[in-house]
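*Asks:* this is a predicted model, with the sequence first.
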Amino acid sequence: MNLELPSSPLLVTLFAESPWTIVFPMLAIAAALAWWGARTDRVRAILAGVAMMFCAAAILALAAVQVSPGEHAQVTVRSLVAAAESADLPRLRACFAPDASMHYGGPDSPGDDLERLMHAAESLSGKHRIESNTVTELSIATKDANTGIVMLGCRTTTASSYAAIPTRWWIEVRRQTNGEWLIERLAWIELLNQVPARGTL
């Protein structure tokens, strides 16, 4: 299924999630100004270049301390992946909100509740034990002030597979009333480049 992430708000992208989008051009211009100023003895150009470098550094510092909803979601998903890899079911469950749901094919398709999901996850310590896993995609987006979206891609070898199997997941993470960032919707959107059937797990 060709499901894409929404776009984060511009200011969130520039000053939190992807600061190099603005910082790299600033540094290039700053270096050019400083070089031109040094060659032509233009002090103002040199000072302008230095000022731009300080501004770029300030943006990077702001991005380092400003955590967006998308970045919070990414941390939660990393914890989910680590828990699945180690078959740590209590830790896995702790990544989900109590009303979380799992969907097949897309986030709006019919879904299963958390109890059914956790029952299926029990196979991670048995026939579907993960022997190796490589994260191939971990894209993020900020949907709103309390919601982050993650697109996760993996190549996973399990005890029941003959080779690494590519999968792709759409994951919505929301800030709870207690401040925790937990998964509310998990959608398995691709299995071997096909839409997985409900109940595949």
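*Replies:* Yes, it's here.
*Asks:* any chance you could map the strands in this structure?
*Replies:* Per DSSP state E, the chain carries strands over the ranges 96-104, 111-113, 130-144, 147-158, 165-175, 181-191.
*Asks:* show me what contacts residue 162?
*Replies:* With contact set as Cβ atoms under 8 Å, 6 or more residues apart in numbering, residue 162 has no partners. No exception for glycine: its C-beta is placed from N, CA and C like everyone else's.
*Asks:* please name whichever of the strands of the chain is nearest to residue 81.
*Replies:* Closest approach to residue 81 among these (Cβ to Cβ): strand 130-144, 6.5 Å.
*Asks:* next, the angle from the closest one to strand 165-175.
*Replies:* With axes from the mean of the first three to the mean of the last three Cα atoms, to 10 degrees applied, the angle from strand 130-144 to strand 165-175 works out at 40 degrees.
*Asks:* pairing partners for strand 130-144, with directions?
*Replies:* Using DSSP bridges, strand 130-144 pairs in its sheet with strand 147-158 (antiparallel).
*Asks:* tell me which residues of the partner strand are tucked away?
*Replies:* Under the neighbour-count criterion of 16 or more other Cβ atoms under 10 Å, strand 147-158 has 147, 148, 149, 150, 151, 152, 153, 154, 156, 157, 158 buried.
*Asks:* same thing with stretch 188-201?
*Replies:* Using 16+ other Cβ under 10 Å as the test for burial, stretch 188-201 gives 188, 189, 190, 196, 201.
*Asks:* and the residues you listed, which is closest to residue 91?
*Replies:* Checking the buried residues of stretch 188-201 against residue 91 with Cβ to Cβ, the nearest one is residue 201 at 17.8 Å.
*Asks:* so which one among the buried residues of stretch 188-201 has the lowest pLDDT?
*Replies:* Minimum pLDDT across those is recorded for residue 201, with 68.
*Asks:* the longest helix in the protein is where?
*Replies:* Longest helix in the chain, counting residues (DSSP state H): helix 43-65.
*Asks:* ok, now how distant is the residue of the chain most remote from its centre from residue 33?
*Replies:* The outermost residue of the chain, judged against the average C-alpha position, is residue 41 (46.9 Å), by Cα atoms, centre = their mean. Per Cβ to Cβ, to the nearest Å, residue 41 is found 13 Å from residue 33.
*Asks:* still on that earlier bit, for the residue farthest from the centre of the chain, give me phi and psi.
*Replies:* Note on residue 41: backbone dihedrals following degrees, to the nearest 10 are phi 60, psi 40.
*Asks:* check what pLDDT residue 63 gets.
*Replies:* At residue 63, the model reports a pLDDT of 83.
*Asks:* over to residue 171?
*Replies:* 97.
*Asks:* surely it is in contact with residue 70?
*Replies:* No - Residue 171 is beyond contact range of residue 70, at 11.1 Å (criterion: Cβ atoms under 8 Å).
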